[in-house]
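S.K.: Predicted structure and sequence below. I'll ask about it afterward.
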Amino acid sequence: MAYNKAKAEYIWRKQKDQEERKLRALGVDEDTIQQLHNYDWDMFKAERNYKSWNILMDSMSEIEEKEAYEPPHSVEALLDEIENEQLYNLLRELDNWTLQMLFYKSLGYTAKEIEAKIGMPESMVHNRISRLRKKVKKLL
């Protein structure tokens, strides 16, 4: 369950108001009450940040476990991962240059980096990827 900061702060303020009323009834001076309030507020914020961080870290570890995905190491491995038969057939008909561009694009390379890897101009990389994207949209 997610940590609700607003709700936790509301509860803290409500409890703090009750505590301060009791302190005033006991005759504690306002400076001391204010110092206690400031100290408790700092402790609450520190705890809240700690909880937020732990929740974030817990959810990140869950995501990492779920997404233990290993990227393909070759064009053939990329093609083997495709489950849609029509898409697979479309990609099988492509030339090797376009397949290599698609492979590097799937790994997160930019067109400039792909240009350096395969020696084809960046504009050509953009054009081929764009054409392939249009073919895939028509297919799907």
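M.R.: Great, that's in hand.

S.K.: Pull the number of nearby residues for the nearest residue to residue 104 once chain neighbours are set aside.
M.R.: Distance criterion C-beta to C-beta, 6 or more residues apart in numbering; nearest residue to residue 104, sequence neighbours excluded, is residue 114 at 4.7 Å. (C-beta placed from N, C-alpha, C; glycine too.) Neighbour count of residue 114, defined by other C-beta atoms under 10 Å: 24.

S.K.: List the contacts of residue 114.
M.R.: 101, 104-105, 120, 122, 125 (C-beta atoms under 8 Å, 6 or more residues apart in numbering).

S.K.: ok, these vs residue 74, which is closest?
M.R.: Nearest to residue 74, judged by C-beta to C-beta, of these is residue 104 at 11.3 Å.

S.K.: now the helix or strand hosting the closest one: mean pLDDT?
M.R.: Using DSSP states H and E, residue 104 sits within helix 96-106. Averaged across helix 96-106, the pLDDT comes to 87.

S.K.: Give me the secondary structure label for the residue nearest to residue 104.
M.R.: helix (DSSP: H, G, I helix; E, B strand; the rest coil).

S.K.: Quick check, pLDDT for it.
M.R.: On the pLDDT scale, residue 114 gets 88.

S.K.: thinking again about what came up before, switch the contacts of residue 114 over to TSV, and while doing so, append distance to residue 93 and neighbour count to every line.
M.R.: Output for these, formatted as TSV (distance: C-beta to C-beta, whole Å; neighbours: other C-beta atoms under 10 Å):
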residue	distance to residue 93	neighbour count
101	15	26
104	19	20
105	18	17
120	19	17
122	24	14
125	19	25
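
S.K.: Low-confidence bits of the protein, can you list those?
M.R.: 1-3, 48-69 (pLDDT under 70).

S.K.: Out of the contacts of residue 114, which is nearest to residue 8?
M.R.: Lowest distance from residue 8 to these (C-beta to C-beta) belongs to residue 105, with 44.3 Å.

S.K.: number of nearby residues for the residue nearest to that closest one when sequence neighbours are not counted?
M.R.: Computed as C-beta to C-beta, 6+ apart, the closest residue to residue 105 that is not its neighbour in sequence is residue 129, at 6.1 Å. Residues lying near residue 129 (other C-beta under 10 Å) number 17.
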